[in-house]
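> build me a model from this:
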Amino acid sequence: MFHRKALSAATTLSVFLAGPSLIQAGTGDVAAGKRIYLEVCKTCHGVDGKGPGVMTFAPPAADLTSPQVQAKLDSRLYNLIHEGRANTAMGAWKHSLSPKEILDVMAYVRTFGNSPSQQ
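Next up, the predicted model:
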């Protein structure tokens, strides 16, 4: 497991004060997001984001390459990762990932929409 540096209170506060309209996956680091994704997300969503991964659920883990997921606003995607999704296995990652790490994962997930099958 890689080491996470604690964010300063000012950085964390600025992400939350920015509000949902200013949350943008493009501000995340794709390479860092890939590392985090492969560590914590691939078990459920699979290496390629299409799910299911090693574990299967009912309802199944979201296909992160799907137009339905890729069409979500960044603020909605952020909230799904941060707060989790009710009545699914998608738990809240707000206690394990910093706001910056969630943005990094979002930036990486957005690359799944760039595959030739999505164009």
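
> isn't residue 69 right up against residue 63?
Yes: under the criterion of CB atoms under 8 Å, residue 69 lies in contact with residue 63, with a separation of 6.7 Å. In short, each C-beta sits where N, CA and C put it, glycine included.

> spell out which residues are contacts of both of these two.
Common neighbours of residue 69 and residue 63 (criterion: CB atoms under 8 Å, 6 or more residues apart in numbering): none identified.

> which residues of this protein score low on pLDDT?
Within the chain, the set of residues satisfying pLDDT under 70 comprises 1-22, 115-119.

> mind doing that once more with 90?
When the per-residue scores of the chain are filtered using pLDDT under 90, the ranges that remain are 1-27, 51-56, 114-119.

> where do the helices sit along it?
Listed in chain order, the helices of the chain (DSSP state H) span 9-17, 30-40, 42-45, 67-70, 74-83, 99-111.

> what sits up against the longest one?
Applying CB under 8 Å, 6+ apart, the contact partners of helix 99-111 are 4, 7, 11-12, 15-16, 23-30, 32-34, 36-37, 41, 49, 64, 69-70, 74, 77-78, 81-82, 93, 97.
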